[in-house]
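A.B. asks: sequence first, then the predicted structure:
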2 protein chains.
Amino acid sequence: MWFKIDLYSSLSLNEQIKMGIKESILKGKLREGDTLPSIRELASSLRVNPNTIVRAYKDLETEGIVIAKQGIGYMVLKGKAEIRRIVLKDLEKKFSEEIFRFKKIGFKLDEILEVIKNIWEK
Amino acid sequence: MWFKIDLYSSLSLNEQIKMGIKESILKGKLREGDTLPSIRELASSLRVNPNTIVRAYKDLETEGIVIAKQGIGYMVLKGKAEIRRIVLKDLEKKFSEEIFRFKKIGFKLDEILEVIKNIWEK
DNA sequence: TTTACTGTAATATATGATATAGTACAGTAA
DNA sequence: TTACTGTACTATATCATATATTACAGTAAA
């Protein structure tokens, strides 16, 4: 498969799978119009329960990234550029609450940016 | 009390309490040498189980921010400046994994900084 | 039509993290 | 002695996450 599961990640399996599919699109391993690996196939190759794949695929469908076709499979609806935008939006949502907390406490934007740069350089 | 608990926060009670104490120091409501509210007192004022406060206080002690004194209470060991540094380090740790993921995928630092700025301006 | 794939649905169970409940013990100080 | 402190321990509850299992339904090719 195009990505692997890290049992020690802070991300849940569900999130890792969704991210894995998005990354696959970004890397060009999946393109608009392609079908995702079947639920049972991905489940067995990642050694994960099929229900877990079902949930991830449905979430991706809700996000508008793929569409389900009974008896056929899941088809990719978005290309690289759109996924880039979506993923950056995901990041924004994920960091929002924490950043606001810091803003409220009285930290300055530059201090936060500095933290990000520090992480980046490691 | 100097802070409140948000039952709908994405942060656990434990994390909210630890953050609440740190913020209290940053706001000058708690100073080096002060004693924290007693475990039972804070538990009842936040309407939270005493065990939850115990855990939070012990975590703060592990971080070196307070020290326990049997029969007396918990005493604050750090001032504003040190807490500022600690809290920024906390942020760095919290964001690291996610930022690295983006770096690895091929995003540029500037794109991430842009996301942070977007959040900040809202 | 049969076969072998697809997705879908539903119920039950397991696990771990988090928080609660309650009781008992130990140190401090007035 | 009294009334506060922190500490320790065991039990229970809740929720999110993931697993296990079985059954049903759509698609396509032999």
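C.D. replies: Yep, that arrived.

A.B. asks: make it CA atoms for all contacts and neighbour counts henceforth
C.D. replies: Will do.

A.B. asks: near DNA strand C, which residues of chain A show up?
C.D. replies: Residues of chain A found near DNA strand C (CA under 7 Å from any atom of the strand) are A:36-41, A:51, A:54, A:58, A:68-74.

A.B. asks: one more time with 6 Å, if that's ok
C.D. replies: By CA under 6 Å from any atom of the strand, the residues of chain A that approach DNA strand C are A:38-41, A:68-74.

A.B. asks: for the helix or strand hosting A:Ile116, packing partners?
C.D. replies: For A:Ile116, the host element (DSSP states H and E) is helix A:109-120. Contacts defined by 3 or more CA pairs under 8 Å, 6 or more residues apart in numbering or on different chains; DSSP states H and E place helix A:109-120 against helix B:80-105, helix B:109-120.

A.B. asks: centre-most residue in chain A?
C.D. replies: A:Met19 (2.3 Å; CA atoms, centre = their mean).

A.B. asks: with adjacent residues omitted, what lies nearest to A:Lys18?
C.D. replies: Nearest residue to A:Lys18 in three dimensions, chain neighbours excluded: A:Ala56, at 5.8 Å (CA to CA, 6 or more residues apart in numbering or on different chains).

A.B. asks: mind listing what the one you found touches?
C.D. replies: Going by CA atoms under 8 Å, 6 or more residues apart in numbering or on different chains, A:Ala56 touches A:14-15, A:17-18.

A.B. asks: and A:Ile112, what pLDDT?
C.D. replies: In this model, A:Ile112 is scored at 98, pLDDT.
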